[in-house]
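>>> Got a predicted structure plus its sequence, pasted below:
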Amino acid sequence: MAAVAYQLTSQLSCHAWTADRLHLAVCPNNHEIYVYQKTPTGQWTRTHTLSDHDQLVSGLDWSAASNQLVSCSHDRNSYVFSWQDQTLKPEMVITRLSKAATCVKWSPCQRKFAIGSAAKAICICYYEQESHWWASKLIRRQHDSSILMVSWHPDSMLLATASSDSKCRVFSTALPGIDAEQSLSGITSKFGDCLLQVDSHSGWCHAVAWSPSGSQLCFTSHGSKLHVVSGIDGSELLRSSPLVQDQSADPNAPLQCHLQPQPDRQDIQLRQLPFKVVAFLQEDLLVAGGFEGDMYMFKCRQQHWQVLRAIQGDIQQSHAAHLKKQLSADFSKKLDMFKQQTASPVTNKVTRRSTQPQVAGAQHKSAHINCIIDLHVFQTQQKTASSRFSTAGLDGQVVVWDVVDCIEWT
């Protein structure tokens, strides 16, 4: 298994790639966006610094079709950056948010994108040709707390959200005039209708992801659980009636939707710390990572999901020493002070507590030494399997993984 680590900054909050993987956008955990370009020698050179936001940039995503970069920030604003004369020019998105924007994702059709927020609202944004600006329609009064992550169904008509109110929801996001007419035929649900709701009963939900076919939905919760809902028919869900909040309905029901038969749900209790990112590589294979700084692989065997292994990669041995040079002087002094108080000898290696299962006879090598907060799967076409993905962590690293050996082994 190959894992290539790029130490770009001391911290990262999010990252995004172009379709050709020649440009990489990252936020160094502040209000700026750094855009890097890959040189013929394989090195990354910073070519642009975008300072249009006033507060922390919380989400980045690059459109594969239009090559436009979308960003969102805690300053409640969102920008779409387009290439003009080798420069990225921003266009402001009219979000109408009253609180911070927390995440952003382009839809698979590339004609609209979704923004989650701390205002308990979702913005479905699209470009108005007549007015020449980016407008939005809001989905309100459906969440009880902040929206931490969004994920698009492969048909771009359904949007799943992970919220800090401990629930994962699926909404209809069909927009006449934006979505293809053939995709809208037969749909009875209206824009913003909540069609499925799953309660984690395990703390707030961190991450959510659809499978390549759109028949499975996975999300993670703060109680160190991974939840998988399978047997979802997207077309039937769009034709189902919305969930109406009334007194007869049980607000704490494990799963609510009007599909018949009801989708299956599986909850996996983990020994690891909570996962903040999750993604499907195949219909029966997914990866997740989070506070421990490790990536884990899950496999579905006989309709039962289970932890397969901790993903191990051949990381360069100079990783820890290189990272130490990136630390600030104050932090290094404090780190040395704690090292001197221990009885163990002082070394250049960064150690940490870990509770993940170890593979017998093998020494675990972790690419990240801090929390993993962002994940992107490299896909050439929709609904196709992938073996490559990238992760970004609070240690300032972007790690590109190739797990084709693990997939063949499974």
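Perfect, I can see it now.

>>> residues in contact with the nearest residue to residue 164 once chain neighbours are set aside?
Once flanking residues are discounted, residue 164 sits nearest to residue 204: 3.7 Å by Cβ to Cβ, 6 or more residues apart in numbering. C-betas here are computed from N, CA, C, even on glycine. Counting by Cβ atoms under 8 Å, 6 or more residues apart in numbering, residue 204 touches 145, 148, 163, 164, 165, 166, 221, 222.

>>> and those residues, which two are the farthest apart?
145 and 221 (13.2 Å; Cβ to Cβ).

>>> Comparing the two, which shows the higher neighbour count?
Shown here are residue 145 and residue 221; by other Cβ atoms under 10 Å, residue 221 has more neighbours (24 against 14).

>>> Was I right to think that one contacts residue 164?
No: at 10.2 Å, residue 221 does not count as touching residue 164 under the criterion of Cβ atoms under 8 Å.

>>> Which of the contacts of residue 204 are buried, as a ChimeraX select command?
Buried residues among these (16 or more other Cβ atoms under 10 Å), as a ChimeraX selection:
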select :148,163,164,165,166,221,222
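
>>> any chance you could map the helices in this structure?
181-184, 234-238, 319-326, 329-340, 404-409 (DSSP state H).

>>> shaky segments in the stretch 1-150 of the chain?
Scanning the stretch 1-150 of the chain with the threshold set as pLDDT under 70 gives 1.

>>> what's the burial count for residue 112?
Residue 112: 22 neighbours (other Cβ under 10 Å).

>>> is it true that it touches residue 125?
Yes: counting by Cβ under 8 Å, residue 112 does reach residue 125; the two are 6.2 Å apart.

>>> Common neighbours of these two, please.
With Cβ under 8 Å, 6+ apart as the test, residue 112 and residue 125 reach no residue in common.

>>> Pass me the low-pLDDT residue ranges in the stretch 151-300 of the chain, would you?
In the stretch 151-300 of the chain, residues with pLDDT under 70: 245-252.

>>> Swap in 90 and give it another go.
Along the stretch 151-300 of the chain, the model assigns pLDDT under 90 to residues 176-188, 241, 243-261.

>>> And the strands in it, which stretches?
158-163, 167-172, 194-199, 205-210, 216-221, 225-230, 255-257, 264-269, 275-282, 285-290, 295-301 (DSSP state E, counting those that start in this stretch).

>>> Other residues contacting the first one?
Contacts with strand 158-163, where a contact means Cβ under 8 Å, 6+ apart, come from 114, 116, 122, 124, 143-153, 168-173, 195, 204-210, 214, 217, 219-220, 234, 237-238.

>>> Just the pLDDT at residue 386, thanks.
pLDDT, residue 386: 81.

>>> from now on call the first residue 121
Let's use 121 as the start, then, which means that last one is residue 506.

>>> Residue 497 is in contact with that one, correct?
Yes: applying Cβ under 8 Å as the test, residue 506 and residue 497 come out as touching, 5.3 Å apart.

>>> Can you pull the residues that touch both of the two?
residue 401.

>>> Dig out what residue 518 forms beta bridges with.
Beta bridges link residue 518 to residue 126, residue 512, judged by DSSP bridges.

>>> Tell me how many other residues crowd it.
Counted with other Cβ under 10 Å, residue 518 comes out at 25.

>>> quick one: it from residue 188, how far?
21 Å (Cβ to Cβ, to the nearest Å).

>>> again, but for residue 487
30 Å.

>>> repeat for residue 301
Residue 301 is 24 Å from residue 188, by Cβ to Cβ.

>>> what does residue 124 give?
26 Å.

>>> Over to residue 355?
Residue 355 sits 29 Å away from residue 188, going by Cβ to Cβ.

>>> And those two? Which one has more around it.
residue 188 (19 against 14).

>>> tell me the contacts of the more buried one?
182, 200, 201, 202.

>>> Burial check on the nearest residue to residue 268 once chain neighbours are set aside, number of neighbours?
Once flanking residues are discounted, residue 268 sits nearest to residue 282: 5.2 Å by Cβ to Cβ, 6+ apart. By other Cβ under 10 Å, 28 other residues sit near residue 282.

>>> hey, what's residue 282 bridged with?
residue 269, residue 288.

>>> and what of the one 10 residues further on?
According to DSSP bridges, the residues that bridge with residue 292 are residue 278.

>>> State the distance from it to residue 330.
From residue 292 to residue 330 the distance is 15 Å (Cβ to Cβ).
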